[in-house]
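give the three-dimensional model of this entry:
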Amino acid sequence: MTLGNYLVSLRECAGLSLCAAAIKTGLSKSYLWTVEHDRNVPTLTTAMKICKVYKCSLNQMGTYLPTGKQGK
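All right, here's what the predicted structure looks like:
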């Protein structure tokens, strides 16, 4: 499972649409879409906002972060 898949699952379990999640997190709908489709990895500050709304811990979210070489 990727980070994006995990976040979609959490959002859907919370009963939130992408638009509602954007409003609650204070992030744009398009940005959340890019994270959910693994095109962006959230910064720590952004991840904290997402975790607060989706009711998960940073530790849980961190297990889905991509690993490997950076700066391709």
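
alpha carbons only for contacts and neighbour counts from here, please
OK.

how near is A21 to T67?
Per C-alpha to C-alpha, to the nearest Å, A21 is found 26 Å from T67.

just N5 next, same as before
16 Å.

and A21 and T67? which has more neighbours close in?
A21 (21 against 7; other C-alpha atoms under 10 Å).

next SSE after the helix or strand harbouring A20?
Element membership for A20 (DSSP states H and E) is helix 18-25. Later in the chain than helix 18-25, the nearest helix or strand by DSSP H and E is helix 29-36.

if we can go back for a sec, list the buried ones in the helix holding A20?
Across helix 18-25, burial judged by 16 or more other C-alpha atoms under 10 Å covers L18, A21, A22, T25.

let me have these in TSV, extended by distance to E12 and pLDDT.
Below are those laid out as TSV (distance: C-alpha to C-alpha, whole Å; pLDDT from 0 to 100):
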residue	distance to E12	pLDDT
L18	9	97
A21	10	98
A22	13	98
T25	15	97
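
just give the nearest non-adjacent residue to C19, would you?
K29 (5.8 Å; C-alpha to C-alpha, 6 or more residues apart in numbering).

wait, doesn't the one you found sit right on V35?
No: with contact defined as C-alpha atoms under 8 Å, K29 does not reach V35; the gap is 10.0 Å.

now do the shared contacts for those two.
Here K29 and V35 have no joint contacts, going by C-alpha atoms under 8 Å, 6 or more residues apart in numbering.

related to what we said a few turns ago, now the helix holding A20: how far from the chain's centre is it?
11 Å (C-alpha atoms, centre = their mean, to the nearest Å).

which residues touch it?
Under the contact criterion C-alpha under 8 Å, 6+ apart, helix 18-25 has outside partners R11, S28, K29, L32, W33, K49, I50, V53.

OK, contacts around the third one?
What it means is K29. For K29, the contact set (C-alpha under 8 Å, 6+ apart) comprises L18, C19, A21, A22.

please tell me how far it sits from R39.
14 Å.

can you pull out the strands in this structure?
For the chain, no strands are identified by DSSP state E.

neighbours of P66, how many?
Neighbour number of P66 under other C-alpha under 10 Å is 12.
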